[in-house]
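> let's see this in three dimensions:
(2 chains)
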Amino acid sequence: MNERGAFGASLTGAAPEGRRATAAPYEGAAEPSGWQAVDPWLGLSARVILALVFIISGTLKAAAPAEEFALVIENYGLLTSRDLIMIAAAFLPWFEVVFGFALLFGFLTRAAAAAIGGMVLVFAAAISYTLLKDIRLPNCGCFGFGFHPTPSQELALNAAWAACAVQAFRQGARRLSLDNWCRAAD
Amino acid sequence: MLPRSPFARRLWAASAVLLASILSVQAMRGHQSQNPYAPEAPSFRQKGEAKAPVVIVEFSDLQCPACRFAVAPIKELLSIYDRKVRIIFKHYPLAQHLSAWPAAVAADCAGRQGRFWDLHDLLYDKQADWAPAPPKKGQAKPQPGSPQDFIPFARRLGLDMPAFESCLKDPSVSELITADQKDGDARWVLSTPTFFINGKRFSGARQLSEGGVPWIDKILKKK
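Purely as a prediction, here's the structure:
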């Protein structure tokens, strides 16, 4: 098998020719059937959906001036220090983008899924706080400045993202991942 | 060509993730207009010395409640720094504020009679009287406002009413507002009020109140 073939095989989790793949998921096991066969593809779908959501929402915010996102964070009333707000506004969107791409490419897949799951929980807690305190947000800041879901819609979306994060974490780097490629090295 | 050791592959993978992140953000930034920024505005929308070392450009929407809260901090800055500060007001009427555009037209028409700031202050002060409240669930959307709605305010200021009313129909007034909006878009103005103090952005009254004075002090120390 040429190098390109080995690269493709290692991405999908299959053992590269002539060497032992330590991460081949079903090595030595019987051919999976039914749910077992579908489950890894569900994990991959969850991974891709969640990754794209975070890449898009993070990119929209990271590309815009940090002061605009700082204004959104201010409106939540959770942070009071101006410096902390500016730091969060400058870095949070970049975390979303980087972890989003890590999840999409399947690099440090479980860590990326856990980090994104953590962010989803923090966002849900922040939205719940505004509902409890009756704070009316002109813009939740979730998807930059294009799409403004209501707080209850945003909570429902967060529940869906959390489910995707759990599924992506559970499945790890089984299919189409750079993690498999890294593990398949000499 | 491809790295063979696990460590080298991890480095490649990490680089791919970082590169993709940077490229996607840069692509999004490039998608926005990068037109040169022109802080010019008609003289009636400017306050302060023409050669003041500090120039504050305000993008504001007369119907926006948050902009109303920025009036006091701006006045405070002007009183603290007196001749060292010039303020330039630019209209940025938001689409969801149905009376913001006609209010901007009316304010500029007052400006043609040298009374822009008087109508500006009056409209913010009486915002609740002319700006429809956002509709509650099940309520019908409010009707878009018209420049004629502001005739009573102009009368209250004692403006030349025939000149004011004919100005309301002048398309060149709207053209100036459109130019302001384009200017704001070129500078990524996404919310109102947004201020630029010698180019540095402050979004909202709070950022202006907390960060404006230290930033102006820093500029003046350098000059």
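
> C-alpha from now on. contacts and neighbour counts both.
Will do.

> now for residue 109: which residues touch it?
As the question left the chain open, I've gone with chain A. Under the criterion of CA atoms under 8 Å, 6 or more residues apart in numbering or on different chains, the contact list for A:T109 reads A:A102, A:L103, A:A168, A:F169, A:G172, A:A173, A:D179.

> try chain B instead
Listed by CA under 8 Å, 6+ apart, the contact set of B:C109 reads B:F116, B:F164, B:C167, B:L168, B:V173.

> which one of the contacts of A:T109 is nearest to chain B?
Relative to chain B, the closest of the contacts of A:T109 is A:A102; by CA to the nearest CA it sits at 5.7 Å.

> pull up the distance across stretch B:48-67, start to finish.
Across its full length, stretch B:48-67 reaches 20 Å between end residues, using CA to CA, to the nearest Å.

> buried sites along it?
Within stretch B:48-67, the residues that qualify as buried by neighbour count (16 or more other CA atoms under 10 Å in any protein chain shown) are B:48, B:54-64, B:66-67.

> swap in stretch B:81-97?
Residues B:81, B:83-94, B:97 are the ones in stretch B:81-97 that count as buried (16+ other CA under 10 Å).

> using CSV, write out every CA atom in that stretch.
The C-alpha trace of stretch B:81-97 is given here as CSV (Å, rounded to 0.1, in the frame of the first residue of the first chain):
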residue,chain,number,x,y,z
TYR,B,81,-12.0,67.9,28.3
ASP,B,82,-13.6,71.0,27.0
ARG,B,83,-11.6,72.2,24.0
LYS,B,84,-9.5,69.1,23.6
VAL,B,85,-12.4,66.9,22.4
ARG,B,86,-14.5,67.0,19.2
ILE,B,87,-17.5,64.8,18.8
ILE,B,88,-18.9,63.7,15.5
PHE,B,89,-22.4,62.2,15.4
LYS,B,90,-23.2,59.6,12.8
HIS,B,91,-26.6,58.1,12.2
TYR,B,92,-26.8,54.3,12.4
PRO,B,93,-30.6,53.6,12.5
LEU,B,94,-31.2,49.9,13.2
ALA,B,95,-33.7,48.0,11.0
GLN,B,96,-35.8,46.9,14.0
HIS,B,97,-36.3,50.5,15.1
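
> can you give the contact residues for that stretch?
For stretch B:81-97, contacts defined as CA under 8 Å, 6+ apart pick out B:39-41, B:45-50, B:52-64, B:78, B:100-101, B:104, B:177, B:180-181, B:184, B:192.

> what parts of chain A come near chain B?
Within reach of chain B by CA under 8 Å from any CA of the partner chain, chain A has these residues: A:3, A:59-60, A:62-65, A:67-68, A:71, A:94, A:97-98, A:101-102, A:105, A:107, A:145, A:178, A:181-186.

> now the spatially most central residue of chain B, what's its secondary structure?
Averaging the C-alpha coordinates of chain B gives a centre point, and the residue nearest to it by CA atoms, centre = their mean is B:F59 (1.1 Å). Reducing the assignment at B:F59 to three states with DSSP: H, G, I helix; E, B strand; the rest coil gives strand.

> now do the lengthiest helix in chain B: which elements does it pack against?
The helix spanning the most residues in chain B, taking DSSP state H as the definition, is helix B:6-31. Using 3 or more CA pairs under 8 Å, 6 or more residues apart in numbering or on different chains; DSSP states H and E as the contact test, the elements touching helix B:6-31 are helix A:35-63, helix A:82-105, helix A:178-183.

> out of those helices, deepest packed?
Across these, the average number of neighbours (mean count of other CA atoms under 10 Å in any protein chain shown) peaks for helix A:178-183, which reaches a mean of 26.

> mind listing the helices for chain B?
According to DSSP H, the helices that chain B contains are B:6-31, B:65-68, B:71-81, B:100-112, B:116-125, B:127-130, B:151-156, B:161-168, B:171-186, B:204-222.

> now the ones you listed in TSV, with distance to A:Q36?
Listed next are the helices of chain B as TSV, based on distance: least, CA to CA, whole Å:
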stretch	distance to A:Q36
helix B:6-31	28
helix B:65-68	55
helix B:71-81	63
helix B:100-112	59
helix B:116-125	64
helix B:127-130	62
helix B:151-156	72
helix B:161-168	71
helix B:171-186	51
helix B:204-222	53
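
> got JSON lines for these, with mean pLDDT too?
Output for these, formatted as JSON lines (pLDDT from 0 to 100):
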{"stretch": "helix B:6-31", "mean pLDDT": "89"}
{"stretch": "helix B:65-68", "mean pLDDT": "91"}
{"stretch": "helix B:71-81", "mean pLDDT": "89"}
{"stretch": "helix B:100-112", "mean pLDDT": "95"}
{"stretch": "helix B:116-125", "mean pLDDT": "95"}
{"stretch": "helix B:127-130", "mean pLDDT": "88"}
{"stretch": "helix B:151-156", "mean pLDDT": "93"}
{"stretch": "helix B:161-168", "mean pLDDT": "94"}
{"stretch": "helix B:171-186", "mean pLDDT": "91"}
{"stretch": "helix B:204-222", "mean pLDDT": "87"}
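
> quick one: contacts for residue 44?
All of this is about chain A. Contacts of A:L44 were listed using CA under 8 Å, 6+ apart, and they are A:A168, A:Q171, A:R175, A:L176.

> should've been chain B
Residues touching B:F44, when contacts are defined by CA under 8 Å, 6+ apart, comprise B:G111, B:R112, B:G114, B:R115, B:F116.

> ok, the first one touching B:R45?
Yes. Using CA atoms under 8 Å, B:G111 is in contact with B:R45, at 7.1 Å.

> now for these two: what residues contact both?
By CA under 8 Å, 6+ apart, B:G111 and B:R45 have these common neighbours: B:W117.

> kindly compare burial across the helices of chain B and name the winner.
Most buried of these by mean neighbour count (mean count of other CA under 10 Å) is helix B:100-112; its value is a mean of 25.

> and that helix with helix B:116-125, angle?
Calculated by axes from the mean of the first three to the mean of the last three CA atoms, to 10 degrees, helix B:100-112 forms an angle of 150 degrees with helix B:116-125.

> could you report the pLDDT at B:T192?
At B:T192, the predicted lDDT confidence score is 90.

> then the one 5 residues further on?
pLDDT for B:I197: 91.

> please consider this matter closed, and thank you.
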